[in-house]
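In: Just a sequence and a predicted model for now, questions to come.
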Amino acid sequence: MKPITTLFVFLLAPLCLFAGEPQWKQFVQEETILIAHVDLTKIYIAQTIQNNKPIVDALLQVIPGEIKDERAIIAAGELGKTYLTQTLGIQEAYLVVGLHTNLNRVPVMPVLILPQTGKINAETLNAAISLAFPHDSIKAANSRNNQFVLVHPTTKDPDEWIDIVIPATPAERADFAEAFAAAGDAPIKIAAAMPGFVRKVVKDTAPTLPSPFEKVDIVTPLSGLRWKAVGIDPAKPSVHSTTAMTSELVALNTLQSLQETLTIFIKTAIEELEGLPDGVTLKSLLPTLKNRADWIHAMLLPQREGSNLGWHWEKPQFNEILERAMPAIEEAARVHANRMSLQPCVNKIIQLGLSFHNYADWKGNGQLPPPFTVDENNKPLHSWRVLVLPFLDQYELFRQIRLDEPWDSAHNKQFHDKMPDIFRCPASLGNPNRDTVYCMVVGKDSVGVPDGKGITLLQIADGTSNTIWLVERKTPVCWMEPVDVLQKHAYLGVNKHEFGIGSEHLGGAMVGLADGSLRFIKEGIPLDFLKTVLMKDSGMSIPYDNGEFFESVR
């Protein structure tokens, strides 16, 4: 299959994790807590794409790929559906989840069940599973009663699970019958019910939620839940949910508990978002949480009708939610694009770090390359980038450069436009054949002491894992030029000075630590902290877990 078609098989295959229709009765037991069903023949690709265009457009901003044309997406989706429903014969599927207390090793296990159709055998099915789930997240067991049973690969005895999920004598569960009836004729149905023994355990043990929700009553909703039904039609789109409680009083108390939980959640979320620095993706949701709490309650809290609680979302509700969330989605798209642009830098900075250590090993005394070499008058001759060439598989280029002449001598000028790719940042706006942004910080307190000799690893008193040796420079320089980032400019902040630390990456710049690791350092980092991590002997450690200043990019 073509890659885009394979993508849609991947996207459609998880829809096979749902259940419904009278056939569900053969899987019901006293321990069953959820059965779900999807009818792929009722999943209309074109209508789903067209009627969810704002959502699809938003997802395409975040999901990588070059397929952006709506017609191509629909065609690929139809092809993927055809492959599943006709080639493989998978028109519907079931997901069954139960509290199998008779098994000590895995008390709760979701099991995927596919009806046999005559078009697929166990070998073909396993091949399709390997395609859709390359990390071997599920595998097929033997068939039973014209059903394929798929379980997690850690299950030691798949046949044992077949006996459990397809019992010889299914249980009669009126709660599941009512739930499936409430789900209607939706293409995707989910029915969940609380077995009587579970409700009793909840009532007897009286569990509580962690802070700050510890005062919210969860015993009443859990012990009073009879069943929950969800019907989903992605083509409209619509989602209908009904929850049946044991009595009207329980329904009232449950609604109150839900309202208290949502209120506390909104309050806590506002406090946490207000504490985040500006520019963080999630902070764009703050205005909606602060100014539209009433709208959030109306959207999420169900309506009560007797002992039932329910809500119904259709296209207007989805569009309104999307409109509220769009700033965060757009920011997430920018962050994703930025992350993609960082990856080439990650690999290159790691290699540059290794070249520094290989240089030190070659010297034999742990001496690192200086930011530049000097002549007899202490005038800079060549950048450290030239000195590490032999350790970057560039010995032939290194051999041709005359180190006893300045970097811009008549002879050496011929190599200015022959910059090795290792020094090229994809996000840089400089000349891709000669300009680099990868620089040392030059100053007496940094790793790049400008003495023309270079310091040793032992002189990094803070330790190599707590000291930055390489940064990105806001303004690119010729890769051979003995110019980097001066300490006084680096201390001004990230993206604050044209000759200081900075990049075209969104929100910060890449930095390499002296131990060969790296981080993405953010624009909002306090200047005193920035100065500390740039010094080789500040006496402080770098708090890597501080997401406000650093971001891991590996």
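Out: Alright, I've got the coordinates. Numbering: from 1, shown residues only.
In: Flag every buried residue along stretch 257-272.
Out: 257, 258, 261, 262, 264, 266 (16 or more other C-beta atoms under 10 Å). No exception for glycine: its C-beta is placed from N, CA and C like everyone else's.
In: Distance from the longest helix anywhere in the chain to the middle of the chain?
Out: Across the chain, the longest stretch assigned as helix under DSSP state H is helix 315-363. On the basis of C-alpha atoms, centre = their mean, to the nearest Å, helix 315-363 sits 11 Å off its chain's mean C-alpha point.
In: Give me the below-cutoff pLDDT ranges for the stretch 301-450 of the chain.
Out: Counting by pLDDT under 70, the stretch 301-450 of the chain has low-confidence residues at 328-341.
In: ok, now with 80
Out: Low-confidence segments of the stretch 301-450 of the chain (pLDDT under 80): 321-344.
In: One more: the chain?
Out: 1-23, 54-69, 100-168, 275-285, 288, 321-344, 506, 539-554.
In: The closest residue to residue 345 other than its chain neighbours in helix, strand or coil?
Out: Nearest non-adjacent residue to residue 345, counting by C-beta to C-beta, 6 or more residues apart in numbering: residue 510, 4.9 Å away. Assigned with DSSP: H, G, I helix; E, B strand; the rest coil, residue 510 falls in the strand class.
In: Show the contacting residues for residue 510.
Out: Residues in contact with residue 510 (C-beta atoms under 8 Å, 6 or more residues apart in numbering) are 342, 345, 346, 349, 471, 472, 503, 518, 519, 520, 521, 553.
In: Need the residues you listed in JSON lines (columns: distance to residue 111 and neighbour count).
Out: Below are the contacts of residue 510 laid out as JSON lines (distance: C-beta to C-beta, whole Å; neighbours: other C-beta atoms under 10 Å):
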{"residue": "342", "distance to residue 111": "40", "neighbour count": "24"}
{"residue": "345", "distance to residue 111": "44", "neighbour count": "25"}
{"residue": "346", "distance to residue 111": "40", "neighbour count": "16"}
{"residue": "349", "distance to residue 111": "46", "neighbour count": "26"}
{"residue": "471", "distance to residue 111": "53", "neighbour count": "28"}
{"residue": "472", "distance to residue 111": "51", "neighbour count": "29"}
{"residue": "503", "distance to residue 111": "49", "neighbour count": "25"}
{"residue": "518", "distance to residue 111": "43", "neighbour count": "24"}
{"residue": "519", "distance to residue 111": "43", "neighbour count": "22"}
{"residue": "520", "distance to residue 111": "42", "neighbour count": "23"}
{"residue": "521", "distance to residue 111": "47", "neighbour count": "25"}
{"residue": "553", "distance to residue 111": "38", "neighbour count": "16"}
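In: remind me, longest strand of the chain?
Out: Using DSSP state E, we find that the single longest strand of the chain is strand 468-478.
In: Quick check: buried residues in that strand?
Out: Of the residues in strand 468-478, 468, 469, 470, 471, 472, 473, 474, 475, 476, 477, 478 count as buried by neighbour count, 16+ other C-beta under 10 Å.
In: Surely the fifth one and residue 512 touch.
Out: No. The pair formed by residue 472 and residue 512 falls short of the contact definition of C-beta atoms under 8 Å, at 9.5 Å.
In: Alpha carbons of stretch 309-317, as PDB, please.
Out: Output of stretch 309-317 as PDB, limited to C-alpha atoms (Å, rounded to 0.1, in the frame of the first residue of the first chain):
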ATOM      1  CA  LEU A 309     -27.500  11.900  33.400                       C
ATOM      2  CA  GLY A 310     -26.700  12.800  29.800                       C
ATOM      3  CA  TRP A 311     -25.300  15.200  27.300                       C
ATOM      4  CA  HIS A 312     -25.200  15.500  23.500                       C
ATOM      5  CA  TRP A 313     -22.600  17.200  21.400                       C
ATOM      6  CA  GLU A 314     -23.000  18.000  17.700                       C
ATOM      7  CA  LYS A 315     -21.200  20.100  15.100                       C
ATOM      8  CA  PRO A 316     -21.900  23.500  16.700                       C
ATOM      9  CA  GLN A 317     -20.500  22.300  20.100                       C
END
